[in-house]
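1. Provided below are the primary sequence and the corresponding predicted coordinates.
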Amino acid sequence: MTHSFEEIFVENTIKTNRRFMYLIFFSNAAAPLIAVGTWLKFFQISYTSCMEIFITTVVISHFIWWLNHHKEWHEFTKFIGLLMVEILIMRLAMNASIGIYISYAFIPLFSCLYVDQMLTIIMNLIGYFALAASLYFRSFDLIAKYGSIFTARQWFLSYLMGFTIEFVFLFAITLSIVKYERELLKSLSGHIVRQVEAEQTSMVRTKFFAKLSHELRTPLNAICGLTDLLKEKDLEEESQKYVETIDTSSKAMLEIVNSLLDISKIYTDKMTIQKGPVDLRALTEDTIRLASFSVEKKIPIKLELDRSLPKYIVGDRTAFTRILLNLLNNALKYTDEGKITVRILWKDKEEDAGILHLEVEDTGRGIAPSDLDRIFEEYAQTADAERIKYTGTGLGLAVCRNYVELLEGRIWAKSGVGIGSVFYVEIPTVSTEEAPKEKTKEKFKPSFQAPEARVLIVDDKRTNIQVLAELLKPYRMKLSPCLSGEQAVELIKSGRHFDLVFMDYYMPGIDGREATKQIHELEKDKGKKTVVVALSANPAEIICKEFEDTEIAGALQKPVNREDLDAVLEQCIDASLRSE
């Protein structure tokens, strides 16, 4: 990308060269138009002169066109272009007085387009001498044709003196124009440099968040997956409580990772909304429970719901959860005593439509008015928070703001030092009679079994393979582990057949995307492709984007959810392989 002043200067020179080429090509029509004007008695120019002008313009225009196809000659082309235009105008000036003024004024002004001070000075001088030459020859023609009490020399000197005075003003004007244009180009180059640096920083930051999210989800995948399996075991009451504690803690950790992933999506404009029916009361109670467990403080959280609040509304469950959870975490972090109150109201009701009004009020330290304008920015913390060294990423409120904006709502806060804070969110939505699909709390049962199905699990982390293998046990399939993309490709190359391959995306060496492409390339002549399901820390829609150049049958986000896994297997395992 062009971003330095020198590169912008060269680019401007090349573009201006093209403009002159087009200008000279258009001048091909000048001679025919002059000939028509002569025929209509508008001009008194010989048809021979018209032919000479036409030939000159055609030759010059094609020469400039040839030069413009050799970009390394851009410096040479700009001088030739201006001189060629000057020759054309001088040729016209020999036959009409108007050409004198065109030659005098236009070439110095044209030179300003190149934003080159030395070139402008040179072209001003050339224009001046071209004017002098035109005046000299025209003086003899006019005196000989019309007669005068003045000699040709007197006529020439009197006009030249007047034009010389005007030339000084034109010279000053053109240099001022070039100086102003150079300042504009410098400003533009500085802006582009900052923009490029910001884009590069954003790219690095996005890759960092994606990598960090992946690395954090790898152990979380094992913790969450194995915890879900333990919850299904018949454990002693005390052991069951421990498992529940691990489960709640891992989910709290997962929410932090999700916040990092949300910021990554914000930077790349990949954050999307998926609306559906939401049980707001149940969602709020679950989120309050999760927030309460994620901190050691025993601060009571009181829930106040508007009686007119509909049972179900249409919205994005994930977005509502993130907004409320981040606001609660923020309130809990800055509140040492007192209470936190969550209020949900249904405002501006009109048939099924209304505005969901959320308030999270705390009795914490409060926020100074000077900090209120910046608390919704990424990594922003109040001066008090920085001084006292509160923990936190500074991302929570930024995530809230972005989710609220995607939901076409608004978010703001009111606070004061020592009097607590109130955060307000208003989101337009509609009520619905449709209930959200509830996840069953019964012991999970697979939808089928497939003892003859051969499944390959490709992941560079053994714990991920172990977790997925445990989740696949109820299906009684034949499982094979593989620790790299290279090994997976070699297995297919050796003739091994698999009915399904779970392919992790982030792997050293050949990543999942490249491994999938190579596997499909090996099978091109067989007429049948191995069914591949992609695995990644990212959401399914982003995983599909990561594998956009390959053919995959589905995608699963880590930690793998059993219901999502069952749905993918239903779609990918051939019916002929399933047992009754």
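-> Received it, and whenever you're ready, just let me know what you need. Residues are numbered from 1 along each chain as shown.
2. helices and strands of the protein: which one bottoms out on pLDDT?
-> In the chain, no helix or strand scores lower on mean pLDDT, DSSP states H and E than helix 383-388, which sits at a mean of 46.
3. going on from it, what's the next piece of helix or strand?
-> Scanning forward in sequence from helix 383-388, with DSSP states H and E defining helices and strands, the next element found is helix 396-406.
4. tell me the mean pLDDT for the next helix or strand after that following helix?
-> The element immediately downstream of helix 396-406 (helix or strand, assigned by DSSP H and E) is strand 410-415. Mean pLDDT, strand 410-415: 92.
5. report the angle between the axes of the helix or strand that strand 410-415 is followed by and helix 396-406?
-> Toward the C-terminus, strand 410-415 is succeeded by strand 421-430 as the next helix or strand (DSSP H and E). For strand 421-430 and helix 396-406, the angle between their directions (axes from the mean of the first three to the mean of the last three C-alpha atoms, to 10 degrees) works out to 30 degrees.
6. let me know the average pLDDT across strand 421-430.
-> Averaging the model's pLDDT scores along strand 421-430 yields 94.
7. residues in contact with that strand?
-> Outside strand 421-430, the residues that touch it by C-beta atoms under 8 Å, 6 or more residues apart in numbering are 313-315, 323, 327, 330-331, 334, 347, 352-362, 364, 366-367, 400, 404, 407-415. Where you see a C-beta, it was placed from the backbone N, CA and C, and this is true even at glycine.
8. got a pLDDT number for the closest residue to Q240 other than its chain neighbours?
-> Nearest non-adjacent residue to Q240, counting by C-beta to C-beta, 6 or more residues apart in numbering: K231, 7.9 Å away. For K231, the pLDDT comes out at 80.
9. K231 and V243 touch, don't they?
-> Yes. With contacts counted by C-beta atoms under 8 Å, K231 reaches V243, the gap being 5.7 Å.
10. the more surrounded of those two?
-> Neighbours per residue (other C-beta atoms under 10 Å) separate K231 from V243, with V243 holding more: 19 against 16.
11. the longest helix along the chain packs against which elements?
-> Residue-count comparison of every helix in the chain, with assignments taken from DSSP state H, identifies helix 152-231 as the longest. Using 3 or more C-beta pairs under 8 Å, 6 or more residues apart in numbering; DSSP states H and E as the contact criterion, the secondary-structure elements in contact with helix 152-231 are helix 5-26, helix 97-111, helix 117-146, helix 237-267, helix 462-472.
12. which one of those helices lies closest to E181?
-> The stretch from the helices and strands packed on helix 152-231 with the least distance to E181 (C-beta to C-beta) is helix 5-26; that distance is 8.8 Å.
13. what's the average pLDDT for that closest one?
-> The average pLDDT for helix 5-26 rounds to 76.
14. and that helix, what's buried?
-> Of all the residues in helix 5-26, those buried under the rule 16 or more other C-beta atoms under 10 Å are 5, 8-9, 12-13, 16-17, 20-21, 23-25.
15. check stretch 481-494 too.
-> In terms of neighbour count (16+ other C-beta under 10 Å), stretch 481-494 has its buried residues at 482-489, 491-492.
16. same check on stretch 521-533?
-> Burial within stretch 521-533, assessed by neighbour count using 16+ other C-beta under 10 Å, is assigned to 530-533.
17. again, but for stretch 514-521
-> For stretch 514-521, burial by neighbour count (16+ other C-beta under 10 Å) applies to 514-520.
18. neighbours of S576, how many?
-> When neighbours are defined as other C-beta under 10 Å, S576 has 9 of them.
19. confirm it sits in a helix?
-> Yes. When the secondary structure is assigned by DSSP: H, G, I helix; E, B strand; the rest coil, S576 falls within a helix.
20. check contacts around it.
-> Applying C-beta under 8 Å, 6+ apart to S576 gives no contacts.
21. kindly report the same for G190.
-> No residues are in contact with G190 under the rule C-beta under 8 Å, 6+ apart.
22. tell me how far it lies from L184.
-> 11 Å (C-beta to C-beta, to the nearest Å).
23. what is the nearest of the buried residues of helix 5-26 to W66?
-> Taking C-beta to C-beta as the measure, W66 lies nearest M21 of the buried residues of helix 5-26, at 9.8 Å.
24. tell me the contacts of that closest one?
-> Taking C-beta under 8 Å, 6+ apart as the contact definition, M21 lies against 61, 64-65, 68, 81.
25. most neighbours among those, which one?
-> With neighbours set by other C-beta under 10 Å, the maximum within the contacts of M21 is found at G81, which has 25 neighbours.
26. quick check: closest non-adjacent residue to it.
-> Take G81 and drop its neighbours on the chain: the residue closest to it by C-beta to C-beta, 6+ apart is F20, 3.8 Å away.
27. cool, and A31?
-> In space, A31 comes closest to F54 once its chain neighbours are excluded; the distance is 3.5 Å by C-beta to C-beta, 6+ apart.
28. list the contacts for that neighbour?
-> If you count contacts by C-beta under 8 Å, 6+ apart, F54 has them with 28, 30-32.
29. good, we can wrap up now.
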